[in-house]
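model this:
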Amino acid sequence: MDYFKAAFGGFAPHRDEDAAVKFALNVVLMDNRLQELAELVVDGSPFGGIEGEPGWMLERRDVADEGNHVAYPDWPAGARFKASVDEDAYRLQQPEYFMSREEFMKYLIPAIDAYVAADPSRAQAPAVVALRKAIA
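Sure, this is the predicted structure:
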């Protein structure tokens, strides 16, 4: 099952400027990798990224790293999360998408809601509970 319609109202890889974050979150949900996602959203967590096939990645930059242009040379000011998809693996209009924490939550919360709606028994799963706590 994919979560594009339920979480984001659809997916248009050749038009959506935010297709990379939609794509990555969809794969995370399909692969039940919510525990990794819960760790990713916590500022200061040693878990700074999630990646998988076909060539996608979700990354977090901590508040403390905001001015670190050596470690994050291409990150715009205020960006805390980055979604990227390898152009050779999957063609998107924009293969990278940077977001503030608040903007990332606008994708993450409906994604988690769609995941639980697909199977309400997931609402009490430890990873879902941990994720909801981390984003609260």
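
Grab the most central residue of this structure for me.
For the chain, residue 25 is the residue whose C-alpha lies nearest the centre (CA atoms, centre = their mean; 4.6 Å).

the helices in this protein, which residues?
Counting by DSSP state H, the chain has helices at residues 4-8, 19-30, 34-40, 101-118, 126-135.

Could you export these to a markdown table, including columns for distance to residue 91 and mean pLDDT?
Every C-beta, even on glycine, is put in place using the N, C-alpha and C of the backbone. Putting those into a markdown table (distance: least, CB to CB, whole Å; pLDDT from 0 to 100) gives the following:
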| stretch | distance to residue 91 | mean pLDDT |
| --- | --- | --- |
| helix 4-8 | 16 | 94 |
| helix 19-30 | 10 | 95 |
| helix 34-40 | 25 | 93 |
| helix 101-118 | 20 | 96 |
| helix 126-135 | 30 | 90 |
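
Let's have those in a markdown table, adding distance to residue 82.
Formatted as a markdown table, the helices of the chain follow (distance: least, CB to CB, whole Å):
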| stretch | distance to residue 82 |
| --- | --- |
| helix 4-8 | 18 |
| helix 19-30 | 8 |
| helix 34-40 | 11 |
| helix 101-118 | 9 |
| helix 126-135 | 18 |
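
I'd say the residue nearest to the centre of the chain and residue 107 touch.
Yes. With contact defined as CB atoms under 8 Å, residue 25 reaches residue 107; the gap is 6.0 Å.

shared neighbours, those two?
Residues touching both residue 25 and residue 107 (CB atoms under 8 Å, 6 or more residues apart in numbering) are residue 7.

Could you pull up the contacting residues of the closest residue to residue 84 other than its chain neighbours?
Of all residues not flanking residue 84 in the chain, residue 96 sits nearest, at 4.7 Å (CB to CB, 6 or more residues apart in numbering). Applying CB under 8 Å, 6+ apart to residue 96 gives the contacts 20, 82-84.

Done for today, thanks.
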